[in-house]
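J.: structure, please.
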Amino acid sequence: MNSREKFLLTFVEREPGVTLKWEFGYWGGAINNWYKQGLPKKNPAQIPKRMYPVSSLYLPAWTCENKYIAPGEYPEGYVLTAGGIAWPLNGHTMDNDVRDYFGLDYSQIMLDTNLLFNPLFDIEVYQDDDEVFKYKDIDGVTRIYLKKQGVVPCAVDYTIKDMKTWLEVKEERMSMDSASIVRRMPLDFFEKLPEYKNRDYALGFGGSPFGFFGLPASLLGYENLFISYYEQPEMIHDMADTFTDIAIAVLAEILKYIEVDYIQLWEDISFGKGSMVSEDCIREFILPYYKKLTSFCRENNINMVCVDTDGDCNKIIPLFIEGGATSMFPFEVNSGMDVTKVREAFPDFVICGGIDKELIGKGKDTIDEILKPMDAMIKKGGYIPFGDHFILPDCPFEDFSYYRNRLNDIIDANYNY
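T.: Next up, the predicted model:
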């Protein structure tokens with residue numbers, strides 16, 4: 001079976017014994033080390049010079065001149081996607097060499113639709129020296145990238161500050177007329193249409209930065225968002241309603257030409273001790289828009305709704321299910337997530353991830369221990385096993401190889417086709 005066939009059997013049919021050989025992704029520092037430790041460097045993924053439209057978010061930082069990055073290496077905090085998280089997004093690239101070496105399945109692909117602003121903001125560079133790259137990104141957020149650390153740029157000024165700035169952006173960049181909606185489709189959509197119609201990979205819609213917590217948090221900043229829930233609720237509702245209507249309009253346009261396998265929402269609403277907002281807050285500001293979007297999806301035969309959120313999400317899984325979500329990832333173990341318990345509590349929910357990334361690099365005995373639940377989880381169906389976030393730079397290639405080969409063996413032993 002190809003990657004799409006396995007994806008559909010896992011997410012729709014929840015076929016016992018069927019899953020995919022994916023990882024969530026790898027930090028650039030891990031790949032740099034692995035090439036030195038034995039990973040054959042046959043087809044190294046290139047940092048893109050130009051991606052469009054929204055997948056170029058953060059790309060100015062990744063491609064700026066940086067004396068701390070050796071030729072042929074990646075910034076420490078750069079990401080190579082590996083199936084569990086879709087490509088393209090955030091200026092990242094898709095891994096080739098790890099996938100080919102371990103015989104992993106081809107990635108899911110996200111349609112690069114513009115669900116943000118139209119037009120996007122122009123890139124403006126405010127500082128670019130040996131240490132700091134400060135710039136305005138395509139979402140209007142000003143970010144600082146510390147070149148030596150090479151990690152994700154930090155926001156220092158936000159696009160939306162209050163109702164006044166929101167209404168200005170809405171007027172200038174959120175038109176719902178048909179021409180504007182068409183301009184939000186992937187720029188190479190019609191060129192790739194024959195490929196999409198005959199694809200052997202899962203094709204999704206949405207993804208980072210689209211979500212009903214994640215997106216407003218990235219545009220307002222967390223503190224301003226939390227305050228706005230109480231002081232400017234009408235602004236938060238109007239933002240969510242506007243982004244929902246645009247997403248539905250763009251999706252409707254795409255569905256005129258092709259089928260879409262799933263939608264994905266990026267939230268990162270939780271941290272190590274639970275949700276960052278209350279259940280009441282989720283019910284008021286998030287669930288109505290989930291229901292509106294997922295109802296449209298079901299009416300158009302899109303029955304897979306995946307939610308990307310880190311941290312401890314145990315208590316809020318029922319809320320997202322109520323909103324129409326059918327799957328969630330990556331289930332971070334150190335934040336209290338246990339995929340065996342989630343499966344017991346929610347037998348029809350598709351689970352992805354849940355293998356402690358911090359223990360993958362701790363030797364064979366530890367790896368054998370963390371892989372013990374995988375056989376039973378795969379047998380139950382509706383589960384894709386992989387590290388519970390990006391594989392860490394300090395994970396030795398020898399340990400990763402043992403882990404990945406053992407997991408592949410478990411998957412192969414369970415396939416019933």
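
J.: how many other residues sit next to residue 277?
T.: Number of residues near residue 277 (other CB atoms under 10 Å) recorded here: 20. Heads up, the C-betas are built off the backbone N, CA and C, glycines and all.

J.: doesn't residue 81 make contact with residue 87?
T.: Yes. Counting by CB atoms under 8 Å, residue 87 does reach residue 81; the two are 4.4 Å apart.

J.: mutual contacts of these two, please.
T.: 93-94, 107 (CB atoms under 8 Å, 6 or more residues apart in numbering).

J.: which of those has the most neighbours?
T.: Counting neighbours by other CB under 10 Å, residue 107 comes out on top of the shared contacts of residue 87 and residue 81 with 24 neighbours.

J.: which residues sit in contact with that one?
T.: 3, 22, 81-83, 86-87, 94, 99, 201.

J.: just these: which are in helices?
T.: Among these, the members found in helices (DSSP state H) are 3, 99.

J.: want to throw the contacts of residue 107 into TSV with pLDDT?
T.: Output for these, formatted as TSV (pLDDT from 0 to 100):
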residue	pLDDT
3	97
22	98
81	98
82	98
83	97
86	94
87	95
94	97
99	98
201	98
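
J.: the stretch 1-150 of the chain: strands as residue ranges?
T.: Secondary structure of the stretch 1-150 of the chain by DSSP state E, counting those that start in this stretch: the strands cover 25-27, 79-81, 93-94, 109-110, 124-128, 132-136, 142-146.

J.: closest to residue 372 out of the contacts of residue 107?
T.: Residue 372 has its nearest neighbour among these in residue 22, at 19.9 Å by CB to CB.

J.: I'd guessed the closest one sits against residue 386; true?
T.: Yes. Assessed by CB under 8 Å, residue 22 is found in contact with residue 386 at 5.3 Å.

J.: identify the contacts common to the two.
T.: Joint contacts of residue 22 and residue 386 (CB under 8 Å, 6+ apart) are 82-84.

J.: let's see if you can find the most crowded of these.
T.: residue 83 (27 neighbours).

J.: quick revisit: please pick the buried ones from the contacts of residue 107.
T.: Buried residues within the contacts of residue 107, counting neighbours by 16 or more other CB atoms under 10 Å: 3, 22, 81-83, 86-87, 94, 99, 201.

J.: as TSV, the shared contacts of residue 22 and residue 386 with distance to residue 237 would be great.
T.: Below are the shared contacts of residue 22 and residue 386 laid out as TSV (distance: CB to CB, whole Å):
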residue	distance to residue 237
82	37
83	35
84	32
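
J.: including distance to residue 168, could the shared contacts of residue 87 and residue 81 go into JSON lines?
T.: As requested, the shared contacts of residue 87 and residue 81 are exported to JSON lines (distance: CB to CB, whole Å):
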{"residue": "93", "distance to residue 168": "35"}
{"residue": "94", "distance to residue 168": "36"}
{"residue": "107", "distance to residue 168": "38"}
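
J.: closest one of the residues you listed to residue 133?
T.: Using CB to CB, residue 93 comes nearest to residue 133 of the shared contacts of residue 87 and residue 81, at 19.0 Å.

J.: count of neighbours near the spatially closest residue to that closest one that is not a sequence neighbour?
T.: Spatial nearest neighbour of residue 93, chain neighbours left out: residue 45 (4.2 Å); criterion: CB to CB, 6 or more residues apart in numbering. Using other CB under 10 Å, residue 45 is surrounded by 20 other residues.

J.: quickly note the distance from residue 262 to residue 78.
T.: To residue 78, residue 262 is 26 Å away according to CB to CB, to the nearest Å.

J.: what's the answer for residue 414, then?
T.: 33 Å.

J.: who's more crowded, the two?
T.: residue 78 (26 against 18).

J.: that one against residue 30, yeah?
T.: No. Residue 78 is beyond contact range of residue 30, at 10.3 Å (criterion: CB under 8 Å).

J.: surely residue 300 touches residue 255?
T.: Yes. Using CB under 8 Å, residue 300 is in contact with residue 255, at 5.7 Å.
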